[in-house]
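Show me how the following folds:
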Amino acid sequence: MIPISARPWLFSHTAFAGLKIGGAHHLVARYFAENGFRFLKFNFSHNGVTADQPTEFADLIAFGDNTFSIELEDLGNVIDFACSGSAIPEADGVYLIGHSMGGGISIIKTAEDSRVKKLVTMAAISSFYNLWPKQAEEQWRLQGVVYMKNARTGQDMPYRVTLLEDVEKNPTRLNIQQKASAIKQPWLIIHGDEDTSVPLSHAELLHEAQPLASFKVITGADHVFNATHPYLKDILPAQLHKFCDEAINFLNK
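Residues are numbered from 1 along each chain as shown. Alright, predicted model coming up:
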């Protein structure tokens, strides 16, 4: 077996309203660690959680100010940290795992940064425009902010128009499918066939954009691969376990 210290770091990050502490993330991290990987999960700077309340969206001002460009900068900063030599001297590159909207961010960063050695996307979106209804954009611009209810917490989450403007001002950089076609690193696309939040068609569009990527469909998997929040069991759901095995096999090649 390759020594742990010789492996690049592995990152997992979540979607716009996601948390590093939640669901079965801790079990996923432990499973990867047991299989020889260093696994770093992190929160984006503007995802709304605080040090005192790491599992709740306590800072809605920061949440409302978030943009895709901010998340790309955050991810770049974390990669800088991992590859600086101060944390792990042997790490000269990283593997990325990105879920949902975080998958879209990971696709863009992989296309831009050669320090990303391999990419795994799980239930990734194929376009940021899919995150809101097109018909809401005119009112969004007029009001400057729209509110969408978080299904888990019941909170009305603020989305400022700067989020929409970010995509409109950066049409090339924030075009996920265009960036997907530019990826040269090995890439594994994984999606569940029962995902109602981000349909399987998103994965098919990504694979169409980059046919050299590997593509796996997990039968019976929903958007979170059948985990829940909170997740109180001490074993991974079968579909999430399957995801981990597929990803580990891919990263070990």
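
can you pull the pLDDT of the spatially most central residue of the chain?
Relative to the mean C-alpha position of the chain, the nearest C-alpha, by Cα atoms, centre = their mean, is the one of residue 102, at 2.3 Å. On pLDDT, residue 102 comes in at 92.

Which SSE is immediately downstream of the strand or helix carrying it?
With secondary structure defined by DSSP states H and E, residue 102 is part of helix 101-112. Proceeding C-terminally, helix 101-112 gives way to strand 116-122 as the next helix or strand, assigned by DSSP H and E.

okay, the angle between that following strand and helix 101-112?
Inter-element angle recorded for strand 116-122 and helix 101-112: 160 degrees (by axes from the mean of the first three to the mean of the last three Cα atoms, to 10 degrees).

how far is strand 116-122 from where the chain is centred?
10 Å (Cα atoms, centre = their mean, to the nearest Å).

In the stretch 1-150 of the chain, where is pLDDT below threshold?
The stretch 1-150 of the chain contains residues with pLDDT under 70 at 1-22, 48-51, 53-56, 58-59, 87-89.

cutoff 80 now
Along the stretch 1-150 of the chain, the model assigns pLDDT under 80 to residues 1-23, 45-59, 85-91, 150.

What segments of it are helices?
Counting by DSSP state H, counting those that start in this stretch, one finds helices in the stretch 1-150 of the chain at the ranges 25-34, 60-64, 68-83, 101-112, 137-143.

ok, and which of the ones you listed has the densest surroundings?
Mean neighbour counts were taken over these using mean count of other Cβ atoms under 10 Å, and the top value, a mean of 26, falls to helix 101-112. For every residue, glycine as well, the C-beta is placed using N, CA and C.

Let's verify residue 157: helix, strand, or coil?
strand (DSSP: H, G, I helix; E, B strand; the rest coil).

Please name the residues that touch it.
If you count contacts by Cβ atoms under 8 Å, 6 or more residues apart in numbering, residue 157 has them with 17, 48, 57, 60, 63, 64, 147, 148, 149, 150.

thinking again about what came up before, state the distance from the residue nearest to the centre of the chain to residue 134.
Between residue 102 and residue 134 the computed distance is 23 Å (Cβ to Cβ, to the nearest Å).

Residue 231 now?
Spatial separation of residue 231 from residue 134 under the definition Cβ to Cβ is 34 Å.

Comparing these two, which residue is more hemmed in?
With neighbours defined as other Cβ atoms under 10 Å, residue 231 and residue 134 compare such that residue 231 has more, 18 against 8.

From residue 148, how far out is the closest residue to residue 98 other than its chain neighbours?
For residue 98, the nearest residue in space outside its immediate sequence neighbours is residue 106; the separation is 2.9 Å by Cβ to Cβ, 6 or more residues apart in numbering. Distance, residue 106 to residue 148, by Cβ to Cβ: 23 Å.

For residue 41, give the beta-bridge partners.
Beta-bridge partners for residue 41, by DSSP bridges, are residue 12.

That one contacts residue 29, doesn't it?
Yes: between residue 41 and residue 29 there is a contact under Cβ atoms under 8 Å: 6.0 Å.

hang on, the earlier thing: what about the contacts of residue 157, which one has the most neighbours?
residue 48 (25 neighbours).
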